[in-house]
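S.K.: Fold the following and give me the result.
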Amino acid sequence: MSDNNEAKFDLNFHTFRLLQQEPFFAALSRRIHKQSTNAIPTAGVCINPVTSQFEMVYNPEFFKKLTDVEKLGVLKHEFYHIIFEHVTGRLPPEGMNMQWNVATDLAINSHLMGELPDGGCIPSKVGTPFEGYPVGLSAEAYYDMVKNDEQFKQDPEQGEDGEGEGGEGGQGEGEPSEGQGQGKGKSSLKDYNMDDHGGWGEASEEAKAMAKERLKDAVEKAAKEASAKGWGSVSANTRKQIMDMITAKVDWRKVLRYFIKQSQRADKRSTVRRINKRFPYIHAGKKVRRQAKIAISIDQSGSVSDQMLAAFFAELNGLASYATFTVIPFDTEVDENLVYEWKKGQKRTWERVKCGGTCFDAPTLYVNKQGFDGHIILTDMEAPKPKPSKCQRIWFTDQRGKQNPYFTTNERVIAIDIKGDY
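M.R.: Reported below is the predicted structural model:
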């Protein structure tokens, strides 16, 4: 019976207890889906290709053997991969490789000394190939060190002799073999790669942009909670990096492009007959049945600048090469005589056809009634919160509208950077 109970180890059940003293990580953890699987030996983070959401996958057999300190250390390790953008944007020019895997772990583990299970990439740890590596460098700095390290030059995965005498297969389950210290030429990088980095760099650029925007929102909310409750073990330097990330600009064009592409395929259903290639038997495959209807509501109030309209329409002209939209000009109401279909392949110039106030209920009710699958609203956010949308809805505005909206929403709000664009 005890074996059956152990087999039911659920990380979600333990997370609250483990993160009680870590307000920032606790707040971030609530916004990251966790999925158990035996397909990987330890744990890892990735972008779900269907939802463009970050998620953490973990092997329950690995986790249930760890102490509470080690469980917490691995959780923070995976969250740091996301925070430091190792999943979304910081791949080296050569692309994903074992040296980069190790370099990112070295950078993260500098923040987690004494908190991780044996066998990982720990800078300065005696008896490992990283004994002479300083603590606290960036992933890029460690990457250069690993690439130029004579221990790994001839075969970065197996060491100079190609035999891989580096312990019991890595994955955080064993110490390196005796005599495998710095400069011995017997080291295997795979033996020190504690977590799973499979799938990094595989997501499309649009999916990465969307995931990054969602992450930014999650980190921003977690940082606000931490500011009120305390940051826990997060260092002052790391806090600065996190705050810099929150204020960093997101490529709104990529987010818009991805939303439209995603909406085009919005009418899909899960099916066990179609195997998910990235996570077989974890996520169901998807079967698409038809193309979706996309609505674009344009706020016509005078407070929406001509520059924002011009920038937005210019991007839509490019997107119209593969999609058809329904454009809905609105102020306090929707005049159906002004609604038009922007057909695939057409080019259009922006225009202002109304000039009243703003009511977001007007386009929302119109879109709900017509049965659209995706709704994009271009606005300055200066009106009361609208009724719920029956389809996925996203808001595009300027920096002022994003920072000082008239209402709060859990839906995505993307700032258009119009300075110097047109």
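S.K.: What about Pro329? Give its phi and psi, please.
M.R.: phi -70, psi 140 (degrees, to the nearest 10).
S.K.: what residues are up against it?
M.R.: Neighbour list for Pro329: 297-298, 300, 335, 338-339, 353-354 [criterion: Cβ atoms under 8 Å, 6 or more residues apart in numbering]. In short, each C-beta sits where N, CA and C put it, glycine included.
S.K.: Just the buried ones from the residues you listed?
M.R.: Among the contacts of Pro329, those classed as buried by 16 or more other Cβ atoms under 10 Å are 297-298, 300, 339, 354.
S.K.: with these in mind, which one is nearest to Trp252?
M.R.: Among the buried ones among the contacts of Pro329, Ile298 lies closest to Trp252 (Cβ to Cβ), at 15.7 Å.
S.K.: Any chance you could list what contacts the helix or strand harbouring that closest one?
M.R.: For Ile298, the host element (DSSP states H and E) is strand 294-299. For strand 294-299, the external contacting residues (Cβ under 8 Å, 6+ apart) are 260, 263-264, 309, 312, 316, 323-331, 342, 358, 363, 366-367, 370, 372-380.
S.K.: I'd like the contacts of Pro329 laid out as CSV, including pLDDT and distance to Ala39.
M.R.: Listed next are the contacts of Pro329 as CSV, based on pLDDT from 0 to 100; distance: Cβ to Cβ, whole Å:
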residue, pLDDT, distance to Ala39
Ser297, 95, 42
Ile298, 92, 46
Gln300, 89, 51
Asp335, 92, 54
Leu338, 93, 52
Val339, 94, 48
Val353, 83, 54
Lys354, 80, 54
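S.K.: Serialize those residues to a markdown table and add fields for distance to Asp251.
M.R.: Shown next, in a markdown table, are these (distance: Cβ to Cβ, whole Å):
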| residue | distance to Asp251 |
| --- | --- |
| Ser297 | 22 |
| Ile298 | 21 |
| Gln300 | 26 |
| Asp335 | 33 |
| Leu338 | 31 |
| Val339 | 29 |
| Val353 | 29 |
| Lys354 | 30 |
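S.K.: partner strands of the strand holding Ile298, parallel or antiparallel?
M.R.: Sheet pairing of strand 294-299 (DSSP bridges) gives strand 325-330 (parallel), strand 374-378 (parallel).
S.K.: between those, which gets nearest to Leu137?
M.R.: Closest of the strands paired with strand 294-299 to Leu137 is strand 374-378, at 42.2 Å (criterion: Cβ to Cβ).
S.K.: Give me the pLDDT for Ala266.
M.R.: Confidence at Ala266, expressed as pLDDT, is 47.
S.K.: Same check on Ala383?
M.R.: In this prediction Ala383 is given a pLDDT of 93.
S.K.: Please tell me how far it sits from Gly374.
M.R.: In this view, Ala383 and Gly374 are 21 Å apart by Cβ to Cβ, to the nearest Å.
S.K.: do the same with Ile242
M.R.: Counting by Cβ to Cβ, the gap from Ile242 to Gly374 is 31 Å.
S.K.: Those two: which has the busier surroundings?
M.R.: Between Ile242 and Gly374, Gly374 has the larger neighbour count (other Cβ atoms under 10 Å), namely 23 against 20.
S.K.: dump the residue contacts of Glu94.
M.R.: By Cβ under 8 Å, 6+ apart, the contact set of Glu94 is Trp100.
S.K.: could you redo the last one with a cut-off of 10 Å?
M.R.: By Cβ atoms under 10 Å, 6 or more residues apart in numbering, Glu94 lies in contact with 100, 143, 147.
S.K.: What is the nearest of the residues you listed to Ser110?
M.R.: Distances from Ser110 to these, taken by Cβ to Cβ, are shortest for Tyr143, at 13.9 Å.
S.K.: Quick one: the helices in the chain, in order.
M.R.: Taking DSSP state H as the test, the helices found in the chain are 2-7, 11-18, 23-29, 60-63, 68-83, 98-109, 139-147, 205-229, 236-247, 252-264, 306-319, 361-370, 399-403.
S.K.: Least reliable of those by average pLDDT, please.
M.R.: Ranked on mean pLDDT, the bottom entry among those is helix 2-7, at a mean of 44.
S.K.: Just give the number of residues close to Asn38.
M.R.: Residues lying near Asn38 (other Cβ under 10 Å) number 11.
S.K.: On the pLDDT front, check it for me.
M.R.: Looking at Asn38, its pLDDT reads 87.
S.K.: just checking, it touches Phe63?
M.R.: No: look at Asn38 against Phe63 with Cβ atoms under 10 Å: they stay out of range, at 11.9 Å.
S.K.: about what we covered before: how about the strands paired with strand 294-299 in JSON lines, adding mean pLDDT and distance to Asp105?
M.R.: Converted to JSON lines, the strands paired with strand 294-299 look like this (pLDDT from 0 to 100; distance: least, Cβ to Cβ, whole Å):
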{"stretch": "strand 325-330", "mean pLDDT": "92", "distance to Asp105": "44"}
{"stretch": "strand 374-378", "mean pLDDT": "93", "distance to Asp105": "39"}
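S.K.: Out of those, which is the most enclosed?
M.R.: Of all the strands paired with strand 294-299, strand 374-378 has the most neighbours on average by mean count of other Cβ atoms under 10 Å, namely a mean of 25.
S.K.: correct me, but Phe372 touches Lys390?
M.R.: Yes: using Cβ under 10 Å, Phe372 makes contact with Lys390 at a distance of 8.3 Å.
S.K.: Return the closest of the contacts of Pro329 with respect to Pro117.
M.R.: Among these, Ser297 lies closest to Pro117 (Cβ to Cβ), at 51.8 Å.
S.K.: Compare the strands paired with strand 294-299 and give me the one nearest Lys208.
M.R.: Nearest of these (Cβ to Cβ): strand 374-378, 19.5 Å.
S.K.: could you give the angle of the closest one to helix 361-370?
M.R.: Angle, strand 374-378 to helix 361-370, by axes from the mean of the first three to the mean of the last three Cα atoms, to 10 degrees: 160 degrees.
S.K.: Put the alpha carbons of strand 374-378 into PDB.
M.R.: C-alpha atoms of strand 374-378 as PDB (Å, rounded to 0.1, in the frame of the first residue of the first chain):
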ATOM      1  CA  GLY A 374     -11.400  36.000 -31.700                       C
ATOM      2  CA  HIS A 375     -11.900  39.700 -30.800                       C
ATOM      3  CA  ILE A 376      -9.200  42.400 -31.000                       C
ATOM      4  CA  ILE A 377      -9.900  45.800 -29.600                       C
ATOM      5  CA  LEU A 378      -7.800  48.900 -30.400                       C
END
